[in-house]
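*Asks:* predicted model follows, preceded by the sequence.
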Amino acid sequence: MKKLDHIKSKIFSIDDIKTKLALWRFKDRRIVFTNGCFDILHLGHIDYLSKAADLGNILIIGLNSDVSVKKIKGNNRPIMDEKSRAAILASISFVDAVVIFDEETPYNLINLVKPDVLVKGDDYKPEDIVGYDILKTYGGKVITLDFLPGYSTTAIEKKIKNN
């Protein structure tokens, strides 16, 4: 398989991820889920995602669609379109799947995936994380991870505007 085809094979629609989930569950894989906009990928993202991947066997990223990012971040975002953001994330070796979703939150996607571990940054309390209630129904874990200080898309955006 060519490298670009491999990257594209890791980007799933909500319908297509169902089959892959069934296979991973059959193989008793520990599924980790996180989500975000990942507008300009930076070292903070890589640090966070690698730590998330270390919590299981499969890392699934729920990626906010362009429409979703605009609703959350405003009309100046996203800087990169969803297709580009998905391909960049899928090119990371420890990312197993990227699923684009249109809602403002990944609640429905989390309910579909039913991950063993749900991960967000430590700027959230676990009980305030979208999907916490879902994971608690079947004994899944909700874990917060420290962010790498000094790295954020907003800070990068401001630096670009000021220069």
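*Replies:* Arrived safely.
*Asks:* and the longest helix for the chain?
*Replies:* Looking across the chain with DSSP state H, the single longest helix is helix 14-26.
*Asks:* list the buried residues in it.
*Replies:* 17, 20, 21, 24 (16 or more other CB atoms under 10 Å). C-beta coordinates here come from the backbone N, C-alpha and C atoms, glycine included.
*Asks:* residue 163: which of those is nearest?
*Replies:* residue 17 (39.7 Å; CB to CB).
*Asks:* so who does the closest one touch?
*Replies:* 60, 97, 99, 112, 113 (CB atoms under 8 Å, 6 or more residues apart in numbering).
*Asks:* now, those residues that are in strands?
*Replies:* 60, 97, 99 (DSSP state E).
*Asks:* tell me what the first one is bridged to.
*Replies:* By that I understand residue 60. Applying DSSP bridges to residue 60 gives these bridge partners: residue 33, residue 97.
*Asks:* ok, it to residue 73 distance?
*Replies:* 22 Å (CB to CB, to the nearest Å).
*Asks:* who has more neighbours, those two?
*Replies:* Using other CB atoms under 10 Å, the more surrounded residue of residue 60 and residue 73 is residue 60, with 26 against 17.
*Asks:* OK, contacts around that one?
*Replies:* Applying CB under 8 Å, 6+ apart, one finds that residue 60 lies in contact with 17, 31, 32, 33, 34, 96, 97, 98, 99, 113, 115.
*Asks:* what are the boundaries of the strands in this structure?
*Replies:* Remark: strands assigned in the chain by DSSP E are 11-12, 31-36, 58-64, 97-101, 117-121, 141-145.
*Asks:* the second one - what's its average pLDDT?
*Replies:* Summarised as a single mean, pLDDT over strand 31-36 is 97.
*Asks:* just the first one next, same as before
*Replies:* Strand 11-12 shows a mean pLDDT of 98 in the predicted model.
*Asks:* so which elements touch it?
*Replies:* When contacts are defined as 3 or more CB pairs under 8 Å, 6 or more residues apart in numbering; DSSP states H and E, strand 11-12 packs onto helix 82-90, strand 97-101.
*Asks:* deepest in the core, which of the ones you listed is it.
*Replies:* Stretch with highest mean neighbour count among the helices and strands packed on strand 11-12: strand 97-101 (a mean of 23; mean count of other CB atoms under 10 Å).
*Asks:* got a list of contacts for it?
*Replies:* For strand 97-101, contacts defined as CB under 8 Å, 6+ apart pick out 10-14, 17, 20, 35, 58-65, 68, 82, 86, 89-90, 108-109, 113.
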